[in-house]
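[1] I would like the atomic coordinates for the input below:
(one chain, ligands or ions: 1)
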Amino acid sequence: MNTTLSSALSASGLPASLAGLPFAKGHGTGNDFVLVADPDGGREVTPAEVAAVCDRHRGIGADGFIRAVRSEHLPEGQALLQSDPAAEWFMDYRNADGSISEMCGNGVRVFVHFLLAEGLVNLAEGETLTIGTRAGIKTITRVDSGYAVDMGPWEFIYPDHAAAKAMDAVVNADGLEVPRPGLSVSMGNPHTVVALAELSELAATQLTTPPTVQPEPENGTNVEFVVPAEPLVENGVGLLTMRVHERGVGETLSCGTGACAAAVAIRFWAGRDAPNDWAVTVPGGVVGVRFLTAEDGREHVELSGPAVIVARGTLL
Ligand SMILES: N[C@@H](CCC[C@H](N)C(=O)O)C(=O)O
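    Residues are numbered from 1 along each chain as shown. From the prediction side, this is the model:
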């Protein structure tokens, strides 16, 4: 046995550096996270530590790892405090493989729910809170069904190409009969959205191996396969069903930024009469997406959905 490695592990098999660390486990529509409070920023985590904790067989198991740090203790957070001194808390988000992502839409709701459960913030229904993320400051409102997050403006990853052709990528996945056109959308993090005609096609798509995307955005991409309902709109709400393969994770039961990107792409393809309100059904539940004109005069995307904490514990 490699003595260096074994001495770095505790009896649990987790990195010894993690022993004694208190954590919570939570999820938003089945997209699950291990959460750790590190108010003073003294507990930086390595990719190997994150991957060990998120391991579904030998760790706690999760799609992502979230560290709650006071913004003043991270360089990224300090920069954000200049524009919003109220953004006291920073969501330090990692994918299950230890890689950093700029943003996590389900994670941000669970993050705020965790801050509340830990007594680190107060937030009554109808009140808002700003928090720092690597995709900038986000404003979260506590609503009766959970949390509504102003995710900010969406963007095309390849603006000229997308506007001209309505698609900018070719996507293939096991189970698809032929490669499909995709549209690359940034919600702070990268997404490539593919529309499928039938739910049977969505079910046949295999996401145990990553889809291929040509061209792939520079830092990789999350890939959403989306079936628009027929008819698309019911009572003013656009209806979508989606599965996702997440960068740094694999297939997940839900992806909040992915649901936003899916609504952006389908609304773009649907044209002028497409609605501003969308309900996106994912394997883990339903999230809401709304397009609204924000105070800055730009179109923002609002994501809403539940957040749950299911356990607290201590790593051994
Ligand atoms: N599940 C998240 C997205 C997490 C980050 C993603 N895997 C990436 O690498 O960009 C969500 O709810 O948005």
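[2] tell me which parts of the stretch 201-316 of the chain are close to the ligand?
    Within the stretch 201-316 of the chain, the residues that sit near the ligand (Cβ under 6 Å from any ligand atom) are 222, 246-249, 252, 255-258. C-betas here are computed from N, CA, C, even on glycine.
[3] out of these, which is most surrounded?
    C255 (36 neighbours; other Cβ atoms under 10 Å).
[4] Excluding sequence neighbours, find me the nearest residue to that one.
    V244 (4.3 Å; Cβ to Cβ, 6 or more residues apart in numbering).
[5] Name the helix or strand for the one you found, please.
    Assigned by DSSP states H and E, V244 belongs to strand 237-246.
[6] ok, now S200?
    Using DSSP H and E, the element containing S200 is helix 199-204.
[7] mind exporting stretch 178-185 as CSV, just the C-alpha atoms?
    C-alpha atoms of stretch 178-185 as CSV (Å, rounded to 0.1, in the frame of the first residue of the first chain):
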residue,chain,number,x,y,z
VAL,A,178,-28.6,11.2,-35.6
PRO,A,179,-26.6,14.2,-34.2
ARG,A,180,-28.7,17.2,-33.3
PRO,A,181,-28.3,21.0,-33.6
GLY,A,182,-27.8,22.8,-30.3
LEU,A,183,-27.7,26.4,-29.1
SER,A,184,-25.0,27.5,-26.7
VAL,A,185,-26.3,29.7,-23.8
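[8] and P47, what does it touch?
    94, 97-99 (Cβ atoms under 8 Å, 6 or more residues apart in numbering).
[9] Please report the distance of M91 from the ligand.
    As judged by Cβ to the nearest ligand atom, to the nearest Å, M91 and the ligand stand 11 Å apart.
[10] try S200
    Note on S200: its distance to the ligand, by Cβ to the nearest ligand atom, is 25 Å.
[11] quick one: secondary structure of the nearest residue to A265 once chain neighbours are set aside?
    In this structure, A265 finds its nearest non-sequential neighbour in V193, 3.7 Å apart by Cβ to Cβ, 6+ apart. Taken by DSSP: H, G, I helix; E, B strand; the rest coil, the conformation at V193 corresponds to strand.
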